[in-house]
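# Output the structure for:
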Amino acid sequence: MMDDPGFFSLVHQVVKCIPRGRVTSYGAIARYLGSPQAARTVGWALNKSFSDGQFIPAHRVVNRNGLLTGRHYFGWSDTMKELLESEGIRIEENQILDFEAVYWDPVKEMEESGFCFEEDA
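Below you'll find the model as predicted:
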């Protein structure tokens, strides 16, 4: 699964569904995709997305405690923080404030709002 392009593509599709101004965690995406132990692989998939030429809002994925652990992959250490703040998310010392209020759980949200994947993906 480490370099599974099918799994990576599914990760990218889930991340595209995260609404502006909301965040989720690597583990939540892994659980949604039926691989609860694959949180690290979700991170690898997001890191790979930077070289794929399409926009994947990877800045909306943080660790389970709301820390911006992936910030170093954005080229500039403050890029992830700036992108989230531009969406109205408050951050202090690389920690999302009011994390529970902006948390988007794909298992719950996708079930309630329906399937959001693109037809051709």
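# And the pLDDT for residue 114?
Per-residue pLDDT puts residue 114 at 65.
# The chain should start at 44 in everything you say after this.
Let's use 44 as the start, then, which means that last one is residue 157.
# Pretty sure residue 107 sits against residue 68.
Yes - contact criterion Cβ atoms under 8 Å: residue 107 and residue 68 qualify, at 4.7 Å. (C-beta placed from N, C-alpha, C; glycine too.)
# residues in contact with stretch 127-141?
Residues outside stretch 127-141 that contact it (Cβ atoms under 8 Å, 6 or more residues apart in numbering) are 63-64, 66, 102-103, 105, 108-111, 114, 124, 145.
# Among those residues, find the lowest-pLDDT one for me.
residue 114 (88).
# Just the CA trace of the lengthiest helix in the chain, in PDB.
Looking across the chain with DSSP state H, the single longest helix is helix 48-60. Extracted in PDB, the C-alpha atoms of helix 48-60 (Å, rounded to 0.1, in the frame of the first residue of the first chain):
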ATOM      1  CA  PRO A  48      -1.400   4.700  -6.900                       C
ATOM      2  CA  GLY A  49      -5.000   3.600  -6.400                       C
ATOM      3  CA  PHE A  50      -4.900   4.300  -2.700                       C
ATOM      4  CA  PHE A  51      -3.100   7.600  -3.300                       C
ATOM      5  CA  SER A  52      -5.800   8.600  -5.700                       C
ATOM      6  CA  LEU A  53      -8.500   7.800  -3.200                       C
ATOM      7  CA  VAL A  54      -6.700   9.900  -0.600                       C
ATOM      8  CA  HIS A  55      -6.600  12.900  -3.000                       C
ATOM      9  CA  GLN A  56     -10.300  12.500  -3.800                       C
ATOM     10  CA  VAL A  57     -11.200  12.600  -0.100                       C
ATOM     11  CA  VAL A  58      -9.000  15.600   0.500                       C
ATOM     12  CA  LYS A  59     -10.700  17.500  -2.400                       C
ATOM     13  CA  CYS A  60     -14.000  17.000  -0.500                       C
END
